[in-house]
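Asker: Turn this into a structure:
(one chain, ligands or ions: 2)
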Amino acid sequence: PPPVLVVTTLLPAAAQQRLDELPNVEVRQHRGLSHAELLAAVADADGLLCILSDAISRDVAQAGAGRLKVVSTVSVGYDHVDTAALRAHGIRLGYTPDVLTDATADTTVLLALLAARRAKEALAVVASGQGRGFSLSHNLGTQFTGKTLGIVGLGRIGLATALRLLPFGFARVVYSAPRAQDAHARAVGAQHVALDQLLAEADLVCVCCPLNADTRGLFDSRAFAQMKPSAILVNSARGAIVDQGDLLAALDAGQLAHAALDVTVPEPLPPNHPLVLHPRCTILPHIGSATIETRTAMANLAIDNAVAGMLGFPLSAEVPL
Ligand code: GLV
Ligand code: GLV
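Answerer: Ligands and ions are numbered 1, 2, ... in the order given. Predicted coordinates for the structure are as follows:
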């Protein structure tokens, strides 16, 4: 019998068509599986194609143990996957780096500009009908000319973000990372500094690092206390890197000027959440990689990874477990 591939969601049109026409694979596609249904589905599957809102926990790995050969997530982040449990059961993990770097860096720049020019407040004035047109003194933001850019995590996305932002006139780029990223740093003239120094010096702080034990809650009250009151925080990585209660307190205490987030905990935030309502917090609904081109490429790469894993071939993009 052909290998069974469980797919937890619909794919973008072009990739969905390819999935529908996959030869020699039995595709079992679902939408909105509960965790219990996911456990049942993987119990007789050879491959699992999933997204970041599916918790691939120890019990999923256990449910698949013995037959499941590969988990293929349509994401670059894999903090939703219990990698130790996959390793213990000999299940491989595919992901989608590189293909989403440009789109995600674009979104990071979008957030930075929205924040710097106070677009949320400006759009609210238009929507309210209370605006009085041009004014020399209303809705004044800040610009990047001559400022310091701080990148937390100078990986692929951090580098692409810095490359996009440099032409805005930043005088200096600093980055923090557990290890120096010399090649990336050279490409944008970035200086490796401790996070504390980055927080103290950067006018724009872009979070481009993975969520892991070291970065969970990295932006807490201690971090916000070190930022410039005029600084902007952009997070296009994972919501849990920022302590949202501490962020709210810091915004209200004037410890930073604006936070622009593509990611939150939970997703979505309720519409009456104080950060959603806050004039100096801009929130997008996790659309970092959401372009037709990128989502199609991600889904195609995830299909490649799933098929290769089920057949026992090397994956196009595999997380070393
Ligand atoms: C999106 O957040 C991803 O990890 O691909
Ligand atoms: C993500 O893939 C990164 O390396 O920034």
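Asker: can you pull out the strands in the stretch 151-300 of the chain?
Answerer: All strands of the stretch 151-300 of the chain, identified by DSSP state E, counting those that start in this stretch, fall at 172-176, 190-192, 204-207, 232-235, 258-261, 281-283.
Asker: So for ligand 1, which of the ones you listed sits nearest?
Answerer: strand 232-235 (11.2 Å; CB to the nearest ligand atom). Bear in mind the C-beta positions are built from the backbone N, C-alpha and C, glycine included.
Asker: So what touches that closest one?
Answerer: The contact list for strand 232-235 (CB atoms under 8 Å, 6 or more residues apart in numbering) reads 108, 111-112, 115-116, 142, 203-207, 219, 227, 241-242, 247, 256-263.
Asker: now with 7 Å?
Answerer: Residues outside strand 232-235 that contact it (CB atoms under 7 Å, 6 or more residues apart in numbering): 108, 111-112, 115-116, 204-207, 219, 241-242, 256-263.
Asker: Can you pull the residues of this protein lying near ligand 1?
Answerer: Residues of the chain lying near ligand 1 by CB under 6 Å from any ligand atom: Leu52, Ser75, Val76, Gly77, Leu100, Gly288, Ser289.
Asker: Kindly reformat those residues as TSV containing secondary structure and neighbour count.
Answerer: What follows is the residues of the chain next to ligand 1, written out as TSV (DSSP: H, G, I helix; E, B strand; the rest coil; neighbours: other CB atoms under 10 Å):
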residue	secondary structure	neighbour count
Leu52	coil	20
Ser75	coil	21
Val76	coil	24
Gly77	coil	19
Leu100	coil	27
Gly288	coil	24
Ser289	coil	25
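Asker: Which members of those residues define the maximum pairwise distance?
Answerer: Leu52 and Leu100 (11.7 Å; CB to CB).
Asker: per-residue pLDDT, the most centrally placed residue in the chain?
Answerer: Nearest to the geometric centre of the chain sits Ala237, at 3.4 Å (CA atoms, centre = their mean). Predicted confidence (pLDDT) for Ala237: 98.
Asker: what's the answer for Gly32, then?
Answerer: Looking at Gly32, the pLDDT reads 87.
Asker: Near it, how many other residues are there?
Answerer: Applying other CB atoms under 10 Å, we find 8 residues neighbouring Gly32.
Asker: So it lies in a helix, does it not?
Answerer: No: read with DSSP: H, G, I helix; E, B strand; the rest coil, Gly32 is coil and lies in no helix.
Asker: And it, how far from Asp82?
Answerer: 21 Å (CB to CB, to the nearest Å).
Asker: give the contact list for the closest residue to Val263 other than its chain neighbours.
Answerer: Excluding the flanking residues, the one nearest Val263 by CB to CB, 6 or more residues apart in numbering is Gly239, at 4.2 Å. Gly239 is in contact with Val263, Thr264, Val265, Glu267, counting by CB under 7 Å, 6+ apart.
Asker: now do Arg238
Answerer: Gly77, Asp79, Leu211, Val263.
Asker: Most widely separated two among these?
Answerer: Pairwise over the contacts of Arg238, using CB to CB, the maximum falls at Asp79 and Val263, 11.0 Å.
Asker: Tell me the residues of the stretch 51-200 of the chain that contact ligand 2?
Answerer: So the stretch 51-200 of the chain meets ligand 2 at Val76, Pro97, Gly155, Arg156, Ile157, Gly158 (CB under 6 Å from any ligand atom).
Asker: Which one of those sits in the busiest neighbourhood?
Answerer: Among these, Ile157 has more neighbours than the rest - 30 neighbours, counting by other CB under 10 Å.
Asker: From Ala180, how far off is Gln191?
Answerer: Taking CB to CB, one finds Gln191 at 10 Å from Ala180.
Asker: Likewise for Arg132?
Answerer: On the measure of CB to CB, Arg132 and Ala180 end up 51 Å apart.
Asker: what about the two, which has more around it?
Answerer: Ranked by neighbour count (other CB under 10 Å), Arg132 and Ala180 place Ala180 first, with 12 against 7.
Asker: Settle this for me: that one is touching His192, isn't it.
Answerer: Yes: if you go by CB atoms under 7 Å, Ala180 and His192 touch, sitting 4.8 Å apart.
Asker: which other helices and strands contact whichever strand or helix holds Ser72?
Answerer: Assigned by DSSP states H and E, Ser72 belongs to strand 70-73. Under the contact criterion of 3 or more CB pairs under 7 Å, 6 or more residues apart in numbering; DSSP states H and E, strand 70-73 touches strand 47-50, strand 92-94, helix 292-311.
Asker: How about the residue of the stretch 201-321 of the chain found nearest ligand 2, nearest residue that isn't a chain neighbour?
Answerer: Residue nearest to ligand 2 within the stretch 201-321 of the chain (CB to the nearest ligand atom): Cys208, separated by 5.4 Å. With CB to CB, 6+ apart as the measure, Gly158 is the residue that lies nearest to Cys208, at 3.6 Å, once sequence neighbours are left out.
Asker: I'm done for today, thanks for sticking with me.
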